[in-house]
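> Provided below for reference: sequence and predicted model.
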Amino acid sequence: MTIQAPKTMMDNLPMFLDPLTHYFERLLPIQTVEALYADWQPDGLEVWLVVNQATEEDRKRIFTQELAVLQAFPGLGLDTRMVDRAQVNVNEKIDLLTMDMFLRFPRVLHA
């Protein structure tokens, strides 16, 4: 797991990472999820997932995992958005400069 965080997040890193790493680990088996971007908001986490050709079943599995994180961390606000890189330019949908955290999923790249 690759974690990148600005220095301003370092004081709150454990509070920020616990639900985020839990979410990451729950999403690992879903092969269409490639990256997770997170931004800490006053009411919780705003998460952007980059997926590649996610099926309806993949999307249902992702939202099932979101619900599991919400149940594991009561009181946490969690807003998940998906961007399918096969359909849109990710850089146009996600403002990378405003994100607090980036996690890349270990996936085999296909030529």
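Great, that's in hand. Numbers count the residues shown, from 1 in each chain.

> going forward, measure contacts and count neighbours with C-alpha atoms only.
OK.

> where's the spatially most central residue of the chain, which helix or strand?
Geometric centre of the chain, nearest residue: residue 36, 3.1 Å, by C-alpha atoms, centre = their mean. Secondary structure assignment for residue 36, by DSSP states H and E: strand 33-41.

> Off-centre distance for that strand?
On the basis of C-alpha atoms, centre = their mean, to the nearest Å, strand 33-41 sits 3 Å off its chain's mean C-alpha point.

> Now it - C-alpha only, CSV.
Output in CSV follows, covering the C-alpha atoms of strand 33-41 (Å, rounded to 0.1, in the frame of the first residue of the first chain):
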residue,chain,number,x,y,z
VAL,A,33,-10.7,-0.8,-8.2
GLU,A,34,-7.4,0.8,-9.0
ALA,A,35,-6.9,3.8,-6.8
LEU,A,36,-8.5,5.6,-3.9
TYR,A,37,-8.2,9.4,-3.3
ALA,A,38,-9.5,10.8,0.0
ASP,A,39,-10.2,14.2,1.4
TRP,A,40,-10.9,14.8,5.0
GLN,A,41,-13.9,17.0,5.5
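
> buried sites along it?
Neighbour-count burial for strand 33-41 flags 33, 34, 35, 36, 37, 38, 39, 40 (criterion: 16 or more other C-alpha atoms under 10 Å).

> Quick one: residues in contact with stretch 25-41.
16, 24, 45-54, 58, 61-62, 65, 98-107 (C-alpha atoms under 8 Å, 6 or more residues apart in numbering).

> circling back: distance of the residue nearest to the centre of the chain from residue 101?
8 Å (C-alpha to C-alpha, to the nearest Å).

> Which helix in this protein has the most residues?
Assignment by DSSP state H gives helix 56-72 as the longest helix of the chain.
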